[in-house]
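Generate a structure from the sequence data that follows.
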Amino acid sequence: MTVSDEKTSNEDAASATNAWNATIIEEFRANEGKVGGRFEGAPVLLLGTTGARTHAQRLNPMMYLSEEDRIFVFASKAGADTNPDWFHNLVADPSVSVELGTEKFKATASPLSGEERDRIYAVQAERYPGFGEYQAQTKRTIPVVELIRS
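Numbering: from 1, shown residues only. This next block holds a predicted model:
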C-alpha cells in the first residue's frame with residue numbers, strides 16, 4: 001500500500017464513520033434520545049466538541065454511564081490503539097455540548113485518572129462487557145471522561 005493509498009483508505013474510513021454517525025444522530029433526535037440497532041436499550045448521548053485544528057463543531061454519538069448524578073463517557077474507539085478524535089478535541093478545548101434524551105446542556109470535560117478512572121471503567125465494563133473487550137485488545141489505557149454540567 002502506498003502513502004496515497006493509505007490516505008485514501010483513511011479518508012474512506014472517516015467518511016463511512018461520519019455517515020454512520022449522521023444516521024445515529026438523526027435517529028437519536030427523531031426518537032427523543034433513543035436509538036435501535038446495536039445500541040438499542042443502551043444509554044446514548046451526543047457529545048459536541050470543537051475541532052482542535054479546524055475549530056469546526058463536531059458531534060459524536062456515544063454510550064455513557066450515569067452514576068450518582070455524574071455522567072461519564074469512554075474514549076474506547078472499539079479497542080483501537082489510538083484515542084478517538086473527539087478525545088483529542090476535548091483535551092484541547094474541554095468546553096463541550098451534550099444532548100441527553102431531549103435535554104441539551106453545556107459541560108466541561110474532565111478526564112479521570114488513577115483509581116477513580118479504573119473504578120468507573122470497571123462499572124461500565126461490567127454493565128457492557130464489550131468495554132472490557134476493548135480494553136483487553138489495546139495497550140493504551142482507555143480514557144474515561146466526566147462531563148460536568150456548566
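
ok, residue 140 - contacts?
Residues in contact with residue 140 (C-beta atoms under 8 Å, 6 or more residues apart in numbering) are 81, 82, 83. Quick note: C-beta positions are derived from backbone N, CA and C, even for glycine.

From the residues you listed, list just the buried residues.
Neighbour counting with 16 or more other C-beta atoms under 10 Å marks residue 83 as buried within these.

Nearest to residue 137 among the contacts of residue 140?
Taking C-beta to C-beta as the measure, residue 137 lies nearest residue 81 of these, at 8.9 Å.

residues in contact with that closest one?
Per C-beta under 8 Å, 6+ apart, neighbours of residue 81: 138, 139, 140.

doesn't residue 88 make contact with residue 50?
No - the pair residue 50 and residue 88 fails to qualify as a contact (C-beta atoms under 8 Å) at a distance of 11.1 Å.

Quick check: buried residues in stretch 90-100?
90, 91, 94, 96, 97, 98, 99, 100.

Please enumerate residues in contact with it?
Counting by C-beta under 8 Å, 6+ apart, 28-29, 33, 45-50, 52, 64, 71, 104-111, 145, 147, 150 sit against stretch 90-100.

Output that stretch as CSV, nothing but the C-alphas.
What follows is stretch 90-100, C-alpha atoms only, in CSV (Å, rounded to 0.1, in the frame of the first residue of the first chain):
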residue,chain,number,x,y,z
LEU,A,90,-11.9,17.9,24.2
VAL,A,91,-8.4,17.8,25.7
ALA,A,92,-7.6,20.9,23.6
ASP,A,93,-10.9,22.6,24.5
PRO,A,94,-12.8,21.0,27.4
SER,A,95,-16.0,23.1,26.8
VAL,A,96,-18.5,20.7,25.2
SER,A,97,-22.2,20.4,24.5
VAL,A,98,-24.3,17.4,25.4
GLU,A,99,-27.6,16.1,24.2
LEU,A,100,-29.1,13.6,26.6
